[in-house]
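>>> Sequence plus predicted model, see below.
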Amino acid sequence: MAKEKTVFICQTCGYQTPKWLGRCPDCQGWGTLVEELIGEEASAQGVRQRWATEEIPCAIGEVAEEEEGMRLSTRLEEFNRVLGGGIVNGSVVLLGGDPGIGKSTLIFQCLHGLASQGRRCLYISAEESLRQTKLRAKRLGAVSDELFVAAETSLERIIQAVEEIKPLVLVIDSIQSIYTSQLGSAPGSISQVRETSGRLTYLAKGLGVATFLVGHVTKDGAIAGPRVLEHIVDTVLYMEHSADSPFRILRAVKNRFGSTNEIGVFEMKEGGLQEVINPSEIFLAERPTGTSGSAVMASMEGTRPILVEIQALVSPTAFAVPRRMSIGVDYNRLSLLVAVLEKKVGINLSHQDIFVNVAGGLRIEEPAVDLGVVVAVASSHLDKVIPPAMVVFGEVGLTGEVRGVSFGEQRIREAARMGFKECILPRSSAQGIKPPEGIELITARDLREVWERLF
């Protein structure tokens, strides 16, 4: 029998050391090293040999392609959009999010949509009993003959169940609760998460089972466990939401089979998550009219245009240093735009507190939000109302120029569909675009032209 060995492993970054240290030399975390028992190398090598396809190297042009339409389509079109059109056979998807945000609810609704099409699915509940799982399924109306459930935490028994049932889709909820008897460490440790996720990935690739791993997140919002967990999977999805908003935003931060810019919008209701087919209408539903400090901006999330409201509040400061606060927009970007306003337009904001918010809890990363932020801040400072039927978008440079952005035609068509009559956009983005009927395009080369048109 091989001699057992113990090492100290950092539970944050996975750093290993033979002796205990109070501080991890890699991630600088205090008290994160835990002693774990390392026996003989786990049977991952046997797993690889068991499910690996024994094919000799060949030219890439000779590799057989999957037929069109081989993706598994759920009944949630928003979920299909984020994945790139559906679930790819044999893919591994990692889903993370805050506790109670609706990860299990979303997965259950997707499984029900697949099971109702006659596709066999297996849901492994590692944190709830079968009775609790049945209660959730009845509440969501997700009871189906092709949807199998099991309350199990042992990796070996899960693999046995997969080989017996032969599902098309496998869900592990959650990966931090699964353990293998090959390792002596506790479930949720770095070693267990790395080993179990690796063996499940080989299982998915070898048998062609689409696998979903539900993961816990840390207090910083990152998925708990080793970073390698996000590297070995094919897709990483995050669910986001604001504390006071019923909307959930599903965002892909990694996707080997689709775009990483797509988002899906859902609304949490009593019967589960409901798709928001028209996010622009939802985000603009409670937009005030006749109030300064509000501007509508046309944003792009992947291939979908979304109209959002940019709100700004500018008020005299009571402190020596004015405050700058932004929600949904990068703070450094806000500071840069305020400096451009002061230098190129000539308004004095050095004694003003400035607060900027994207209504609806959406976070916008693209530079096309610049013009919306500038217009909203100027509107609040001058107490002048932006026309309610006007939409803006464009990037603002340090010299005050309004630079072009991509997908200008899609943004304009979405604005026209929502009933907007005017659109201020960069001059370069308007070239070659035939505007839809009912909307007027107002081009601008720099902030001074925007200023003369609005203020």
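Sure, I can see it.

>>> What are the structural domain limits within this structure?
1-40, 72-277, 282-454 (automatic domain parsing).

>>> Now do the first one, average pLDDT.
Confidence over domain 1-40, taken as the mean pLDDT, stands at 78.

>>> And for stretch 192-210?
Per-residue scores along stretch 192-210 average to 90.

>>> ditto for stretch 218-231
Stretch 218-231 comes out at a mean pLDDT of 71.

>>> need the contact list for residue 107.
Taking CB atoms under 8 Å, 6 or more residues apart in numbering, we find residue 107 in contact with 95, 123, 171, 173, 212, 214. Backbone N, C-alpha and C define where each C-beta goes, glycine included.

>>> Select from the residues you listed every entry located in helices.
Among those, none falls in helices (DSSP state H).

>>> From those residues, which shows the smallest pLDDT?
For the contacts of residue 107, the pLDDT minimum is residue 173, 90.

>>> Chain neighbours aside, what residue packs nearest to that one?
The shortest distance from residue 173 to any non-neighbouring residue, by CB to CB, 6 or more residues apart in numbering, is to residue 214 (4.3 Å).

>>> Likewise for residue 356?
Residue 356's closest residue in space is residue 326 (CB to CB, 6+ apart), at 4.5 Å.

>>> The one you found and residue 312, how far apart?
Distance, residue 326 to residue 312, by CB to CB, to the nearest Å: 10 Å.

>>> Identify the contacts common to these two.
With CB under 8 Å, 6+ apart applied, the overlap between the contact sets of residue 326 and residue 312 consists of 355, 356, 357.

>>> Check whether the residue nearest to residue 173 really touches residue 95, as I assumed.
Yes. Using CB atoms under 8 Å, residue 214 makes contact with residue 95 at a distance of 5.2 Å.

>>> Now the common contact residues for those two.
With CB under 8 Å, 6+ apart, residue 214 and residue 95 have common neighbours 103, 107.

>>> Relative to residue 284, how far out is residue 385?
Taking CB to CB, one finds residue 385 at 16 Å from residue 284.

>>> Would you mind telling me which of these two has the busier surroundings?
Taking neighbours as other CB atoms under 10 Å, residue 385 and residue 284 compare with residue 284 leading, 19 against 15.

>>> Inside strands: which ones of the shared contacts of residue 326 and residue 312?
355, 356, 357 (DSSP state E).

>>> isn't the second one right up against residue 310?
In other words, residue 356. Yes. Counting by CB under 8 Å, residue 356 does reach residue 310; the two are 6.9 Å apart.

>>> where do the contact lists of these two overlap?
Counting by CB under 8 Å, 6+ apart, the common neighbours of residue 356 and residue 310 are 329, 373, 376.

>>> Going by neighbour count, which of these comes out on top?
Busiest of the shared contacts of residue 356 and residue 310 [other CB under 10 Å] is residue 373, holding 28 neighbours.

>>> Quick check, that one in contact with residue 331.
No. Residue 373 is not in contact with residue 331 according to CB under 8 Å; the separation is 11.5 Å.

>>> So in the protein, which strand runs the longest?
Under DSSP E, the chain gives strand 304-316 as its longest strand.

>>> Counting by contacts, list what that one packs against.
helix 279-283, strand 294-301, strand 352-358, helix 370-382, helix 408-417 (3 or more CB pairs under 8 Å, 6 or more residues apart in numbering; DSSP states H and E).

>>> Tell me where this protein has helices.
44-51, 77-83, 103-115, 130-140, 155-165, 190-207, 228-232, 279-283, 331-340, 370-382, 408-417, 447-454.

>>> most neighbours per residue, which of these?
Highest mean neighbour count among the helices of the chain (mean count of other CB atoms under 10 Å): helix 370-382, with a mean of 25.

>>> quick one: that one to strand 352-358, angle?
Relative orientation of helix 370-382 and strand 352-358, computed by axes from the mean of the first three to the mean of the last three CA atoms, to 10 degrees: 140 degrees.

>>> picking that back up, top of the contacts of residue 107 by neighbour count?
residue 212 (28 neighbours).

>>> That one reaches residue 93, doesn't it?
Yes. With contact defined as CB under 8 Å, residue 212 reaches residue 93; the gap is 4.9 Å.

>>> What residues are recorded as beta-bridge partners of residue 401?
On the basis of DSSP bridges, residue 401 is bridged to residue 446.

>>> quick one: stretch 169-188 to chain centroid distance?
Remark: stretch 169-188 is offset 24 Å from the chain centroid, using CA atoms, centre = their mean, to the nearest Å.
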